[in-house]
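Novice: What shape does this take:
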Amino acid sequence: MTVFVVEALLLVTAIVTVLRMPITRPATRGSGSWVRIPGVPKGYGRHPILGIAVFAPGITATSFVLSLGPALLSGLLGSSSRIIAGAMAFGMFLTATAVQFAVRSVDRRTIMLMSAAGTMLSMIALVGAVQLESIALLLASALLAGAGQGLGQLGGLSLLNAHIPAARLAEANAALNVGGYLLAGVLPVTAGYLSDAVGLPTGTTLFGVALMVLALLGGVIVGLPARRAVR
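Specialist: Predicted coordinates for the structure are as follows:
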């Protein structure tokens, strides 16, 4: 209960912060329904697609660690300790934040390629963890997943900020997040159902291979010489 009370208090401070932001309503209302799928102006569609290509696999990797990581820890350690699972999640998101500060001077394309590489390495470590029953590889997978998400988020958002007109930037950011969280929701849930059917080690291995392929494709898309939009 204490955890949820603290979280509720943090959310209250977030609401107060938003209410005090110096934001005014636009002088003229936009056309169309107020509920619509986020998008970008015509001719700018490649930018969120490039961002999603690396951000979606990264955040899917961290989503898997949050959802099925405790079950893997329980199987590898023979313990259901919530402290260990919480510490692993904390380390993962700490890495996601720290890595963004570490690459501030790195060019955008390299950051996005590093994101794809981090997610791929995370999945390699994840598959190794379940096949070799290694807690060290599972922890390494979590930290690499955090790096993949942090780098992908930084690269994707900075790409949009550099190219999308300011009047549509918030909507473009929303489109990037929709694309990322859609995969982050669907793939781990699918892996959960699959693990119930074939066992957690097999389900995790198949998930890791699938996400590894998606991360590789994302890296290839971003790394193509013709992708000058990434710069």
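Novice: Run the chain-centre distance for stretch 133-152.
Specialist: Here the centre of stretch 133-152 is set off from its chain's centre by 12 Å, with Cα atoms, centre = their mean, to the nearest Å.
Novice: Find the residue at the geometric middle of this structure.
Specialist: Residue closest to the mean C-alpha point of the chain, counted by Cα atoms, centre = their mean, is residue 59 at 1.7 Å.
Novice: just checking, that one touches residue 179?
Specialist: No. Residue 59 is not in contact with residue 179 according to Cβ atoms under 8 Å; the separation is 9.8 Å. (Glycine included, C-beta is placed from N, CA and C.)
Novice: quick one: contacts for residue 125?
Specialist: Listed by Cβ atoms under 8 Å, 6 or more residues apart in numbering, the contact partners of residue 125 are 137-138, 140-141, 144.
Novice: Name the residues of the helix or strand of the chain with the lowest mean pLDDT that are buried.
Specialist: Lowest by mean pLDDT, DSSP states H and E among the helices and strands of the chain is helix 46-77, with a mean of 91. Of the residues in helix 46-77, 47-66, 68-70, 72-73, 75-76 count as buried by neighbour count, 16 or more other Cβ atoms under 10 Å.
Novice: And the helices in the chain?
Specialist: Along the chain, counting by DSSP state H, helices occupy 2-19, 46-77, 82-102, 108-132, 135-163, 169-198, 200-223.
Novice: closest to residue 31 out of these?
Specialist: The closest of the helices of the chain to residue 31 is helix 169-198. By Cβ to Cβ, the value is 13.7 Å.
Novice: other SSEs contacting that closest one?
Specialist: Other elements packing on helix 169-198 under the criterion 3 or more Cβ pairs under 8 Å, 6 or more residues apart in numbering; DSSP states H and E are helix 46-77, helix 135-163, helix 200-223.
Novice: mind checking which of those is nearest residue 21?
Specialist: Residue 21 lies closest to helix 135-163 among the helices and strands packed on helix 169-198, at 18.3 Å (Cβ to Cβ).
Novice: what separates that closest one from the chain centre, distance-wise?
Specialist: Distance of helix 135-163 from the chain centroid (Cα atoms, centre = their mean) equals 6 Å.
Novice: now that helix: mean pLDDT?
Specialist: What helix 135-163 shows for mean pLDDT is 95.
Novice: Buried residues, it. List them.
Specialist: 137-157, 159-160, 163.
Novice: can you list the weak-confidence ranges in the protein?
Specialist: Flagging of the chain using pLDDT under 70 yields the residue ranges 30, 32, 79, 225-231.
Novice: what about 80?
Specialist: 25-36, 39, 76-81, 225-231 (pLDDT under 80).
Novice: How about residue 204, nearest residue that isn't a chain neighbour?
Specialist: residue 130 (4.8 Å; Cβ to Cβ, 6 or more residues apart in numbering).
Novice: Nice, that's everything, thank you.
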